[in-house]
Structures are given as structure tokens and as C-alpha cells.
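K.L.:
structure, please.
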Amino acid sequence: MFKFTDQQKQRIEIICDTFIPSLEKEGENKEYWKRKASDLPIVDLMEKTIDGLPIELQEEFKQLADLLGSPTLGLTWFGSIKTVDKLSHAQREKMLLRWSRSPIPQLRNAYNAFKKLVCFYYFGHSENKENPNWRAIGYPGLFPLEKVKKYPTKGLSPIVLNGNEVESCDVVIIGSGAGGGVVAAELAAKGLEVLILEKGSYLTEEEMSGREVDMLSRSYDRGGAFTTKDGSATVLAGSCVGGGTTINWSASFRTPDWVLEEWAKEHDNPQFLEPEYKKHFEYIEKRSSINTELSVHNPQNSALFDGAKKLGYHAGLIPRNVAHNSAKANDEWYWKSQGYGGLGDACGYKQGTMKTFLQDAIEKGARIYADTEVDKINISNGTVTGVTAFQSDENGHGYKLTVSCKKVVVCAGAVQTPAVLMRSGLSHPQLGKNLYFHPTNAVSGIYDRPMESWYGPMMSAVCDEFNHLDGNFGYKLETPPLHSGFIALSMPWESGEQFKSDMLNAAHTGAFIVLTRDKYGGKVTLSKEKKAMVHYRLHKYDRNHLVHGMMECAKIHAAAGARKIRLLHNEIHSCEKDIDDLDAFVKKIKSLSWAPNRFTLYTAHQMGTCRMGGRKNDHPLTPEGAFRGVKGLWVADGSSFPRCSGVNPMLSIMALSRYISQHVE
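P.N.:
Below you'll find the model as predicted:
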């Protein structure tokens, strides 16, 4: 278990209290202003999160804690040559601001690592009771699930090991998300004996608490703290039974025809142009209840839809894998509860693989192991012979699972799939490369009317006016569900007083995200412990499209009536209605520095690290999804994409996986 020393912990607490200080102010929020970061168990939560990171990143946190106790700290901000405990509060704020704007990337990384963790935990943490800050900022916290009619999920009953075990089956499927769930159902229906191995935990609907920190730590890879090696981008990826389909925001787009044409012609995948391929979309859409039926947008989605329309831009509805309940469609609590679906679907309305394809697979005899991470695929003389995996419990105790089989389908996602393959001794010139992100940033708007962006359908409106800024490359504008912790980690910080003040606007804050189709990718490598390490540097070409999207977001917020528009940048840049010049503000966006760790960058879509295609030197996979040079090995997930999908990829992954499953023989 990762632990700071007592001295290191004291220094970290000082930094926490610099971000969130105790301030004396009178009025109804007196206690809110008086409360400081260390009044909550922030450092304990940080230690738990850091423990899940690769050892290289753990060492960086230790080094940073040591730096805070060294007089050389002053050299990092051209300030007093003192340790952090000897600095005044004003000096510490100045130090953090200088780190945030430093020309040294490592200092910007340190600032963002601290700021994101401290602010997220301070406003997001709760343990079976509400966070003490929620009432002041207007966040409702735990949702009254007893008021919502549920769609209960049948239990999947994962197998729990009581010791080291040896198993055998026809096929092992690694992963249970959009790819693994579909493949499992298809192969089990063929009469094959299927074993599903899932790295993440199995959470029943009763265990999906709706508490932000709790659910991210239990259902996202690395507890939601996964970042690129340089810390410049946050990597949001599901790690639980059902994978991303359990915690994503329900958007269910088909792969656009122009993307399928690109995949076919540029990567020698003729199947994508065959009429038969579209039947896979139809099948998945029917089984997953994908539809555009909607009672009403939430205010945030309405703002995007209406603002875009006012500017003459195309806006439409997002197809969602949400079971439409016509009898409850206008019920207030049913409508509100949908905003919590990104924290695990405790109400059971979202039709992820836990409710669909995994159920189908289990009914046909498939077996599933949760908390079971595959160490390697066993290969002899170029042929799959099985896998070696380890199952661990919440106390860290583990048992070895050895499975013999002749077929393995890897569906662990575009970050973990190449890691599994590389740990297994496999190589290819393009394995782990071509990591596409759909790099995403947001622009927030503060409205006079309540937005309450944690309620209602999470993602229901899309503006796709800018899909083709340059050929097949551009971006979509969508909305994220905003909960208290996510708002806080994204909110710009200039001082503790400014930050606390801005968080009081949480209930009136809405955000539009720019989902960029990136042309240039990154890569996945292995750490010292053979864990996945992500390297991604936003290319100038893609950054220009991202910035273009931010400019349009600002215009749409203004058209929708926002009284203040703010960028998610280390420096505070905002535009106030009837005070500032909107055109000047929009032009200013283009002139700012968008270097790594100067702004908030996210990816919820990782694709392309084991791409399929017809050229053996360019594509690790054949057009049928088989790994070249190994008999009995297939890959069926977002890593199989020849290039990114340009739309939220869940349905694209599921259709492609169903196609690949037909070639597993």
C-alpha cells in the first residue's frame, strides 16, 4: 500500500489547504467558507489512488513531496528559498500559480496532479452521507433511488476462487465490455464453452451507490486517476463487469459511412463496404434498445441544441441505449435519475452488456470471473494454449488461475489490450501505436437559470456542424453529466477564495464538450511492472480543431443565454454577458497557449492500438480480427479500429465485435 511518510503527509496537507483554505466570511455559507481541505480525509484518499498507479508515477509523487520539504523549492517559482511549511499562505498561492503557468512541463504536471485530486475529493467524497459542501453549492448528492422504478438485472454470479485453480474451456474472452460482452454471447450461442475474464469488479445495482468518488474508484481504470505519462490528459476507461457500457453516457452512434469507407479503402478492409456489415448495427440496436425517444432534454442539452439552432448550425438527437419506459417517461424521479448513469446504472435503465449480452452468454453456459487480470496469453509454437491470470479480492489477496484453451479473444480495450499482448511476448511494428483519443475539452457557461447538469438524460443533444473541417476530420459538440467532483476538478483555480466562490455557481453551470476526431495518435507501452503506460501528445493539427471547437462552444453558450462563459484553462479566461466583447473573447481563445498541462484534456474513447487491415506490416490484425502469426488469437474491441470512429464508439465496437465473432473458428 502506497503511503507518504508523516513529514511528506504534512507537506501535502499544506498544499491541500492552499488550494482549499479556511476563510472567514459571514452569511448563510459561513461554515462552507471556514472549512478547509484537511477537514476531509483528502491525503488518505490520494494515497489510495496513487497506490493503483505504476511505480514510476508513485515515485514522482514521493519526489514531489520531498521537494516541498527542501529549500530548493524556491527555485521552482523564483520565490523565497524556504520549505513549504515556512511559506505564508499568500506565498503558497503564488507558488502554485507560477507552477500552473511555468515553462517547465513537469511543474505544470505537478500543479494539475495536485489540483485535480484535491478539488475532486473535496467536493466529490462522501461515505454513506452527504459531503459537507454539497448543500452550499446546490448539489443534491445521493439520489433517492427508492423513488425510481427499477429495471432489475439478473445476477451474473461471477466465480470466486478459494485457491489456485486450473480450468479448461473452448475459448477465453478477456474483457466484458462492448467487445467482450458481444463476443461472449455470440460464441456461447454457437455451443462453445466460454470463459470470460474481467479485470474489474462486479457491482450489482444495489452496490452502485451514486457516490462519485466511490463509483469512480470501483468502476474506472486506476480509480478514475488514469493519466498519460506526462499527466496532460485524463484517461477515462471503464474497469468493471460490463466495462465502458456500465459507466458510459449512453450515446450509441453508428460508425459514419464516410468513416467506414476510409477504413475500407485506406486500410484494405472491404467488409466495411458490404451491405451485410450494416446488419450488425441493426442487431445490436435492437438487442440494446437503442432509440431517440426522449421526454425532454435537461437544461444543459437544451442549451446546446437551442443555441446551435439559433446560430444556424445542425443539431440533432443522440441515439441512446436506454430502455424507453413510456409509462414513466414523464415521471420526475425517473427523468432525474438518468443523470447518475455515468456512476453505474443503479436504476437499471441503461442497456449495457450487464443487462444484455452477458446475460445471453451466461444463459448459454458461459462462466465469468471478475477481479481477474490476465497476466499473459500462453502460446506454444505460434498457437494459443491458454492464459494465466490472477484473481484478487478487496484485501489484496490473490489466487492464480491457469486456463487451457485453443482460442482467445482479447477485448480489454485499446489501452489494456496491447498491454496484455505485449506481456505475452507478442510484437508487431504497429502494436501499441496509433492510439487515438477523441481528445476532449469543455467550455462552461454560467446561466441565470438553474442548469443542475447532474439530472436528466446525460447526453441527448449533439451539434455535428463541424464534422468535416478538413476532409474527414473535425469535431462534434456534446454535453457531459456534471457532478460535484467533476465540476471541481475541471474548474479553473486562481486562489482559494475565487475557487470556493465559483463553486457556489455549480447548480447554474453547464458545459459543452468538443469531441475531436484526431488524425495523429499516441502509443501504449509497458511500465517497469508491465502495466500499461499511455503516451499522447496533442498534435498541432488536432489542437487547431479542438480550439476551433472551443470558439464555437463560446458562441453557442452566448446564443443560449449564458451570463458568463469560461474556459477550462490554467489561467482564468471568461466573458461576461453585456460587459465583455464576445467576438474579442472568441478570437482570444485562438491566441492562448494550449501546450500540455496548460488546460484540461480528457479522453473517454481510446481506439486503434491493434488495428485491423489487409497489410501485414501495417496491421497487427487481419480484416477478420485474427492476430497475425498466432493461431487461435483474435482481438475484438476499440483497439481493432483502423482509425478512430469520429463518434462515441460503443456501438461501433459492438458491431465490429459481432462481425469478428463470426470468424472465430
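K.L.:
which residue is the nearest non-sequential neighbour of the most centrally placed residue in the chain?
P.N.:
Central residue of the chain (C-alpha atoms, centre = their mean): Leu236, 1.9 Å from the mean position. The spatial neighbour of Leu236 that comes closest, neighbours along the chain excluded (C-beta to C-beta, 6 or more residues apart in numbering), is Ala604 at 4.4 Å. Every residue, glycine included, has its C-beta placed from N, CA and C.
K.L.:
would you confirm that the residue nearest to the centre of the chain contacts Thr227?
P.N.:
No - here Leu236 does not reach Thr227: they are 10.3 Å apart, not a contact under C-beta atoms under 8 Å.
K.L.:
pLDDT below threshold where in the stretch 301-450 of the chain?
P.N.:
325-330 (pLDDT under 70).
K.L.:
quick revisit: was I right to think the residue nearest to Leu236 contacts Thr234?
P.N.:
No - applying C-beta under 8 Å as the test, Ala604 and Thr234 come out as separate, 9.2 Å apart.
K.L.:
ok, those two, which is more surrounded?
P.N.:
A direct count of neighbours by other C-beta atoms under 10 Å for Ala604 and Thr234 places Ala604 higher, at 23 against 20.
K.L.:
if we can go back for a sec, give me every residue that touches the residue nearest to the centre of the chain.
P.N.:
With contacts defined as C-beta atoms under 8 Å, 6 or more residues apart in numbering, the neighbours of Leu236 are Tyr220, Gly224, Phe226, Tyr602, Thr603, Ala604.
K.L.:
same deal with His663?
P.N.:
Contacts of His663 (C-beta under 8 Å, 6+ apart): Glu624, Gly625, Ala626, Trp634.
K.L.:
what segments of the stretch 351-500 of the chain are helices?
P.N.:
357-363, 413-423, 484-490, 496-503 (DSSP state H, counting those that start in this stretch).
K.L.:
for the second one, buried residues please.
P.N.:
Think helix 413-423. Gly413, Ala414, Val415, Gln416, Thr417, Pro418, Ala419, Val420, Leu421, Met422, Arg423 (16 or more other C-beta atoms under 10 Å).
K.L.:
ok, the last one - contacts?
P.N.:
What it means is Arg423. Asp375, Lys376, Leu526, Lys530.
K.L.:
tell me which of those residues fall in strands.
P.N.:
Mapping the contacts of Arg423 onto strands (DSSP state E) picks out Asp375, Lys376, Leu526.
K.L.:
in this structure Asn291 contacts Tyr349, no?
P.N.:
No - using C-beta under 8 Å, Asn291 is not in contact with Tyr349; the gap is 11.9 Å.
K.L.:
these two - which one has more neighbours?
P.N.:
Tyr349 (24 against 16).
K.L.:
follow-up on the earlier one: looking at the ones in strands among the contacts of Arg423, state which has the most neighbours.
P.N.:
Going by other C-beta under 10 Å, Lys376 tops the ones in strands among the contacts of Arg423 with 17 neighbours.
K.L.:
gap between the nearest residue to that one once chain neighbours are set aside and Pro418?
P.N.:
In space, and not counting its chain neighbours, Lys376 is closest to Ser424: 4.3 Å by C-beta to C-beta, 6+ apart. Per C-beta to C-beta, to the nearest Å, Ser424 is found 10 Å from Pro418.
K.L.:
ok, the residue nearest to Lys376 - how many residues close by?
P.N.:
Ser424, neighbours per other C-beta under 10 Å, totals 21.
K.L.:
ok, now Asp360?
P.N.:
If we define neighbours as other C-beta under 10 Å, then Asp360 has 18 of them.
K.L.:
related to what we said a few turns ago, greatest separation within the buried residues of helix 413-423: which pair is it?
P.N.:
Ala414 and Arg423 (15.7 Å; C-beta to C-beta).
K.L.:
pull out the buried positions in the least confident helix or strand in the chain by mean pLDDT.
P.N.:
Using mean pLDDT, DSSP states H and E, helix 332-337 stands out as the lowest-scoring helix or strand of the chain, at a mean of 86. Within helix 332-337, the residues scored as buried using 16+ other C-beta under 10 Å are Tyr334, Trp335, Lys336, Ser337.
K.L.:
does Leu216 sit in a helix, a strand or a coil?
P.N.:
Classification of Leu216 using DSSP: H, G, I helix; E, B strand; the rest coil returns helix.
K.L.:
contacting residues for it?
P.N.:
Gly223, Gly224, Leu343, Gly485.
K.L.:
which one of the buried residues of helix 413-423 sits closest to Ile660?
P.N.:
Thr417 (12.8 Å).
K.L.:
spell out which residues make up each domain of the protein.
P.N.:
Domains of the chain are assigned by automatic domain parsing as 6-125, 169-203+228-288+352-432+609-661, 435-603.
K.L.:
make TSV from those domains and add distance to Ser295 to it.
P.N.:
As requested, these are arranged in TSV below (distance: least, C-beta to C-beta, whole Å):
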stretch	distance to Ser295
domain 6-125	28
domain 169-203+228-288+352-432+609-661	14
domain 435-603	8
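K.L.:
quick revisit: against Thr385, how distant is the residue nearest to Lys376?
P.N.:
For Ser424, the distance to Thr385 - C-beta to C-beta - is 11 Å.
K.L.:
just the pLDDT for Thr622.
P.N.:
If you check Thr622, the pLDDT there is 98.
K.L.:
with the one 10 residues further on instead?
P.N.:
The predicted local distance difference test score for Gly632 is 98.
K.L.:
ok now do the closest residue to it other than its chain neighbours, which residues does it touch?
P.N.:
Nearest residue to Gly632, sequence neighbours excluded (C-beta to C-beta, 6+ apart): Val384, at 3.5 Å. Residues in contact with Val384, defined by C-beta under 8 Å, 6+ apart, are Ile377, Asn378, Cys405, Lys406, Lys407, Val408, Val630, Lys631, Gly632, Leu633.
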